[in-house]
Structures are given as C-alpha cells and as structure tokens.
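Novice: build me a structure from this.
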Amino acid sequence: MKKGAILMTVFASIALLSSCSTDDKMGGSGPIDLTIRATLFATSNTMNSVSTFDYTPEGLMIKSNRISSENNEGIFYDEDKDELAVGSASQRVINIFSNLKNAQDGQDLNLRISSDGVLQNPRDLVAKGNIYIVSDNTDLDGDPDTDEGRFFVFERNENGFGLRNTVTVDYAVWGIQLIGNDLYTAVDKTGDVAVFKNFIESYTTDVTASPDKRITIEGINRIHGIAEDRGVVVLTDIGGENNPSDGGFHMIKEFVAKFNNTPDGEELELNGNQVRVSGNLTKLGNPVAVDYSYSRRTVYIAERLNGNGKILFFTDVEAGGGLSPSLEVDFKGASSVFFIER
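Specialist: Prediction:
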C-alpha cells in the first residue's frame with residue numbers, strides 16, 4: 001500500500017519509511033496508520049503543480065498534484081473547507097481548489113472558483129474568514145528608481161469572489177503575515193518590516209496609505225518571507241539576488257513586543273533579540289518564502305536559486321549559525337510554502 005512518494009531519508013525526530021508494506025512495518029500484525037497529522041503545501045512559479053508533504057505516524061509522505069496555472073506564488077489552506085487558495089501570476093487571479101484530502105498523487109486538483117483577474121505580480125497571500133489579501137510587487141510608474149507596491153483585498157461571498165479594494169504603498173512588497181488583526185509586511189529591497197494596524201477593517205476602499213510603523217531588522221540585507229506561529233516570527237533574507245550562498249533567515253521570539261518596543265524608523269538589534277541561520281551549509285541563496293511550526297520546532301523554506309528550486313526543512317534552529325537542512329527536496333521553481341497542523 002502506497003500513498004504518494006515516501007522519502008527514504010531519516011531526519012530529526014521524524015522516521016521516514018522506505019516502504020508502506022504492512023509486513024515490513026508491522027510484521028503482518030496490523031494495519032498501517034496513515035492518519036495525516038500535519039501538512040506542508042508548496043507551490044512553483046515554473047510548474048503547474050502543488051507538492052504536499054503529509055506528516056503521518058508512519059513517516060513523512062509526499063504527493064504532487066497538477067493545477068491549471070504554471071506561475072504560482074502565495075498559498076493558503078482552509079482546513080474547514082478543505083480548500084487551497086493559490087495566487088496565479090499567469091492567470092492574474094486567486095484560484096481556489098477543493099477536495100484536497102481525497103486527491104491522489106498525480107491527479108488534477110478540482111478548481112472550485114477564481115477571483116477577479118486583476119493581479120499582476122503576486123508574491124504572498126493570507127486569508128481570514130472570507131477576506132483574502134495578496135501582496136503584489138509591480139512597478140506601477142515604470143520608474144526603477146522609485147518603489148511602490150499594492151495589497152489586493154478580495155472578498156468571497158455567496159455571489160462570487162471579487163476584489164473589494166486595493167491599498168497602494170510607497171515601497172516594494174513581498175511577504176505578508178496577519179498577526180491578530182494587524183498586517184505585517186516585508187519591505188522588499190530593504191531589511192525592514194512594516195505594520196498596518198487592524199488592516200481588514202481600517203482599509204476598506206481604494207487608497208494610498210502609509211504603514212502605522214516601520215522598523216529595520218538588523219542583519220537582514222533584503223527581506224522576502226515572513227511567518228509567525230505562537231509569537232515567534234521567522235524572516236528570510238535573500239542577500240544578493242544572484243549569490244547562491246548568502247541567504248539566511250532570522251528567528252525572533254516575542255516578536256510583537258520587540259517590534260512595539262522599537263521606535264518607528266529605528267532598528268531591532270540582532271544581539272539579544274534574534275537568532276540568525278546562514279552560511280554555505282544552509283543551501284540558502286534566495287529563500288523567497290517561509291513558514292514555521294512552533295510545535296515541531298521546524299522552519300520550512302522555499303529556496304528559489306539553488307538547484308533551480310528546493311523545499312528545505314530546518315529543525316532545532318534556536319542556537320542559530322551555519323545549520324544544514326534537516327531535509328531538502330528538489331522542487332523546480334519553489335515559490336511559496338504553507339504549513340498546517342491537522
């Protein structure tokens with residue numbers, strides 16, 4: 001019995017099996033437990049596929065499913081609805097695919113609904129209730145010396161899935177993360193993080209806006225990914241765009257308190273506040289997206305440059321330094337990741 005592809009590498013505390021055979025695992029004494037306990041989803045901006053990494057009591061299992069778009073960035077899974085939202089640059093929409101739990105390896109995912117076709121260069125996607133927010137990193141004025149970006153706010157209801165409003169900012173955008181009702185945004189081309197307080201309720205019409213606060217994260221050259229779980233925030237640093245070994249990520253515990261205690265426009269110091277993971281062993285060149293599991297003490301990275309794309313797992317990173325990935329999986333065009341406990 002087999003479900004997807006089973007990795008044959010042992011890493012951290014996860015036992016990865018080379019076979020799902022009942023005889024091999026149980027000596028014929030009972031059934032294998034393939035209950036999914038947690039899942040990591042990953043998208044590509046060069047392939048029409050979504051990879052799924054399922055944690056089961058028997059090990060970590062991988063499957064791949066086809067979708068209609070080949071240029072995808074930004075992903076969100078709603079477990080209650082069993083739906084996967086994916087930002088598509090080629091189709092300029094958010095596509096929502098359903099019935100993920102029953103999809104077999106290699107199957108096409110069922111497209112349920114698509115948003116209005118207004119996106120141009122989507123980078124990240126978050127959702128809360130019936131609201132979906134996409135960061136779009138488009139040069140709006142055609143001048144490479146000026147930076148700007150947009151947040152598209154979509155609303156889904158019984159009548160469809162349409163654009164509610166657009167918030168334009170005077171900086172290039174990339175990763176976004178809702179913490180409570182506040183939208184934290186990575187300021188591309190810098191080491192800065194900016195926040196919009198009570199974003200969904202406060203910004204309901206088309207507007208050009210400035211963040212409530214913006215600070216610099218010491219040690220980051222060019223920020224892209226941002227993720228949060230139980231008060232811990234992980235930020236990625238792509239370093240130089242074409243350097244395959246200068247990427248990294250920062251882990252910041254009690255992030256909101258540290259952010260609030262740093263004056264607007266000032267810097268959050270590295271020493272005593274953050275942990276940085278970087279160096280040749282990490283295989284981080286352009287870590288464009290990240291997610292984090294507090295319970296599993298694991299950082300998940302979409303690495304875009306090395307090997308034309310990889311999904312990297314890092315466990316027990318609290319000490320920082322030049323860590324090797326606990327697991328690496330080749331995934332061409334890796335662009336975004338999303339983790340959920342079941």
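
Novice: tell me where the stretch 201-342 of the chain has strands.
Specialist: 207-208, 213-217, 223-229, 232-237, 248-252, 267-268, 275-278, 287-293, 298-303, 310-315, 327-330, 334-341 (DSSP state E, counting those that start in this stretch).

Novice: who does the second one touch, helix- and strand-wise?
Specialist: Secondary-structure packing of strand 213-217 (3 or more C-beta pairs under 8 Å, 6 or more residues apart in numbering; DSSP states H and E): strand 192-196, strand 267-268. Where you see a C-beta, it was placed from the backbone N, CA and C, and this is true even at glycine.

Novice: can you say which of those strands is nearest to Gly180?
Specialist: In terms of C-beta to C-beta, the element of these nearest to Gly180 is strand 192-196, at 10.7 Å.

Novice: and the closest one with strand 232-237, angle?
Specialist: 130 degrees (axes from the mean of the first three to the mean of the last three C-alpha atoms, to 10 degrees).

Novice: dump the C-alpha coordinates for strand 192-196 into CSV.
Specialist: Extracted in CSV, the C-alpha atoms of strand 192-196 (Å, rounded to 0.1, in the frame of the first residue of the first chain):
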residue,chain,number,x,y,z
ASP,A,192,12.5,46.4,7.1
VAL,A,193,9.2,45.2,8.4
ALA,A,194,6.1,47.5,8.4
VAL,A,195,2.7,47.1,10.0
PHE,A,196,-0.8,48.2,9.2
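
Novice: model confidence over that strand, on average?
Specialist: Average pLDDT, strand 192-196: 98.

Novice: adjacent strands (with direction) for it?
Specialist: Partners of strand 192-196 in the sheet, by DSSP bridges, are strand 182-187 (antiparallel), strand 213-217 (antiparallel).

Novice: can you pull the contacts of Leu284?
Specialist: Residues counted as contacts of Leu284 (C-beta atoms under 8 Å, 6 or more residues apart in numbering) are Thr236, Ser245, Gly247, Gly248, Phe249, Val277, Ser278, Ile301, Glu303, Asn306, Leu312.

Novice: quick one: which of these is nearest Glu267?
Specialist: Nearest member of the contacts of Leu284 to Glu267, counting by C-beta to C-beta, is Gly248, at 17.3 Å.

Novice: looks like the closest one contacts Gly285 (just checking).
Specialist: No. Shown here, Gly248 and Gly285 do not form a contact pair, counting by C-beta atoms under 8 Å, at 10.0 Å.

Novice: I figured His250 hits Arg276, correct?
Specialist: Yes. In this structure, His250 is within contact of Arg276 by C-beta under 8 Å, at 5.2 Å.

Novice: one step back: want to throw the helices and strands packed on strand 213-217 into CSV with mean neighbour count and distance to Arg37?
Specialist: Shown next, in CSV, are the helices and strands packed on strand 213-217 (neighbours: other C-beta atoms under 10 Å; distance: least, C-beta to C-beta, whole Å):
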stretch, mean neighbour count, distance to Arg37
strand 192-196, 21, 31
strand 267-268, 18, 34
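
Novice: what about Glu297, how many residues nearby?
Specialist: That one is not Glu; residue 297 is Arg. When neighbours are counted by other C-beta atoms under 10 Å, Arg297 registers 15.

Novice: can you give me phi and psi for it?
Specialist: phi 50, psi 50 (degrees, to the nearest 10).

Novice: show me where this structure has its helices.
Specialist: In the chain, the segments counted as helices under DSSP state H are 22-26, 199-202, 255-261.

Novice: about what we covered before: which residues do Gly248 and Gly285 both contact?
Specialist: Gly239.

Novice: any idea of the mean pLDDT for stretch 100-110?
Specialist: pLDDT averaged over stretch 100-110 gives 95.

Novice: quick one: low-confidence parts of the protein?
Specialist: Scanning the chain for pLDDT under 70 picks out the ranges 1-29.

Novice: swap the cut-off to 50 and go again
Specialist: 1-27 (pLDDT under 50).

Novice: how many other residues sit next to the residue nearest to Ala42 when sequence neighbours are not counted?
Specialist: Leaving aside its chain neighbours, Ala42 sits nearest to Ser51 (4.6 Å; criterion: C-beta to C-beta, 6 or more residues apart in numbering). Look at Ser51: counted by other C-beta under 10 Å, it has 21 neighbours.

Novice: could you check how far Ser51 is from Ile75?
Specialist: From Ser51 over to Ile75 the distance is 11 Å, taken as C-beta to C-beta, to the nearest Å.

Novice: common neighbours of these two, please.
Specialist: Phe41, Ala42.

Novice: the strands in the stretch 51-200 of the chain, which residues?
Specialist: Listed in chain order, the strands of the stretch 51-200 of the chain (DSSP E, counting those that start in this stretch) span residues 59-66, 72-78, 83-88, 93-98, 110-114, 122-128, 131-136, 149-157, 160-169, 173-179, 182-187, 192-196.

Novice: mind listing what's buried in the fourth one?
Specialist: Which is strand 93-98. If you call a residue buried by 16 or more other C-beta atoms under 10 Å, then strand 93-98 has these buried ones: Val93, Ile94, Asn95, Ile96, Phe97, Ser98.

Novice: with the third one instead?
Specialist: When neighbours are counted by 16+ other C-beta under 10 Å, the buried residues of strand 83-88 are found to be Glu83, Leu84, Ala85, Val86, Gly87, Ser88.
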